[in-house]
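*Asks:* quick one, what's the 3D model for this:
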Amino acid sequence: MMKPLRKAVLPVAGLGTRFLPATKAMAKEMLPVVDKPLIQYAVEEARAAGIEQFCMVTGRGKTALVEHFDIAYELEATLRERGKTAELEALKEQQLPPGSIATVRQQEPLGLGHAIWCARAFIGDDPFAILLPDDLVLAETPCTKQLADAYYQTGGCVVAVTEVPHDQTNRYGILDVASDDGRLVEVKGLVEKPKPEVAPSNLSIIGRYVLLPQVLEHLSRMERGAGNEVQLTDAMAKLIGHVPFHGLRYEGRRFDCGDKAGFLEAQIAFALKRPDLGPAVRAFLKNYVSEIA
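*Replies:* Residues are numbered from 1 along each chain as shown. Next up, the predicted model:
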C-alpha cells in the first residue's frame, strides 16, 4: 500500500560562500526574496503539498532557521499594542504546529547524499520530499504539490526535471530516458554531472524530489562520486529497476538563488507578482530599461 507523503528534508548546512560577506553571520537560507526568507518559501511550498513534518539538516551558525518559525512573544505583543494587525497576521501564518520541526547536524560537508543520510532517523520507513531552498520555483501550483500528485499517480520516486543547454550537463544530475509523454518521464538511468559528449539527455534534476526510504540503504555505504562527495544521484540510480522512477516536467519557473544573478532575478519576478508591489516595480524597471537602451 502506498504510504502518504507527510515528511520533508531540507538540507541547509551549506556555508553560502557565494554570498559573502552577507552570509558571514547569517544563514544563506535566511536571505529574503522580497520580504520572506528562502527557507520560508520552501516550508510553505511543502505544506501546500500536505507535508506535516520537517527535518532541517543544519550546520554551525544555523539556529536562526529554526527560530524563524518559533513564536516571538515580545514582538507579537508589541505589534498587538500598536494595532499592527497585518504584520501580526503575517507572523502567525509562518508558525508551524508544535513538534513539526526536527533538526540534525551535518558535521562535515560530504555532499547532498550524506546530508540526506544524516536525516535517516527522521525519515524512518516513510516516503519523503527533499526541497533545496536555493531552488525557488514560481508556479501557480507549488512544485512540491505537483510532485506529490505525480507520486500518488505513479508510486515510487519522482523528481522535478527541466531541460538545460547541452553544454551545461556537467553541472547537473541528468536523466537517461526510457519514455517521455511530455509531462512524465520514465527514467532508466541517472548520471551525475556528465560531460556534454556523453550525457544521455539534457533533462536535469532540480532541487525537488519525492523519494522512497530505500535510498538510505545505498547512501549508508558512503560511496564517493563526483567531487569526491556522497552523491544523492548515485544512490537514486541504484533504485531504478527496483521501484518506479519518474521525472516530472513541472509547471513554473525556477530561479537559482544560490547564484547572485538568479537571486536578483527572483526578487524582480516575485515582486512583479505582488499586487502591492507590481505597479511600482514595473514603473522603476522602465527607467532602467531606457538607460540600457
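*Asks:* contacts, neighbours, all on C-alpha from now
*Replies:* Noted.
*Asks:* tell me the mean pLDDT over stretch 20-35?
*Replies:* Averaged over stretch 20-35, pLDDT sits at 91.
*Asks:* and that stretch, C-alpha only, in CSV?
*Replies:* C-alpha atoms of stretch 20-35 as CSV (Å, rounded to 0.1, in the frame of the first residue of the first chain):
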residue,chain,number,x,y,z
LEU,A,20,29.9,36.6,1.4
PRO,A,21,30.1,38.9,3.2
ALA,A,22,26.3,38.9,3.6
THR,A,23,26.4,35.3,4.8
LYS,A,24,29.3,35.7,7.2
ALA,A,25,26.9,35.8,10.2
MET,A,26,23.6,34.9,8.6
ALA,A,27,22.5,31.6,7.1
LYS,A,28,22.1,31.9,3.3
GLU,A,29,18.6,30.4,3.6
MET,A,30,17.6,33.5,5.6
LEU,A,31,18.3,35.8,2.6
PRO,A,32,15.0,37.4,1.7
VAL,A,33,13.3,37.3,-1.6
VAL,A,34,11.1,40.5,-1.3
ASP,A,35,10.0,40.1,2.3
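*Asks:* that stretch: which residues count as buried?
*Replies:* Buried residues in stretch 20-35, counted by 16 or more other Cα atoms under 10 Å: 23, 26, 27, 28, 29, 30, 31, 33, 34.
*Asks:* again, but for stretch 50-60
*Replies:* Buried, per 16+ other Cα under 10 Å, within stretch 50-60: 51, 52, 53, 54, 55, 56, 57, 58, 59.
*Asks:* chain center to it, what's the gap?
*Replies:* Relative to its parent chain, stretch 50-60 has a centroid offset of 11 Å by Cα atoms, centre = their mean, to the nearest Å.
*Asks:* check stretch 15-22 too.
*Replies:* With Cα atoms, centre = their mean, you get 18 Å for stretch 15-22.
*Asks:* what do you get for stretch 9-26?
*Replies:* On Cα atoms, centre = their mean, the centre of stretch 9-26 falls 15 Å from that of its chain.
*Asks:* that one: end-to-end distance?
*Replies:* Counting by Cα to Cα, to the nearest Å, the length from the leading to the trailing residue of stretch 9-26 is 21 Å.
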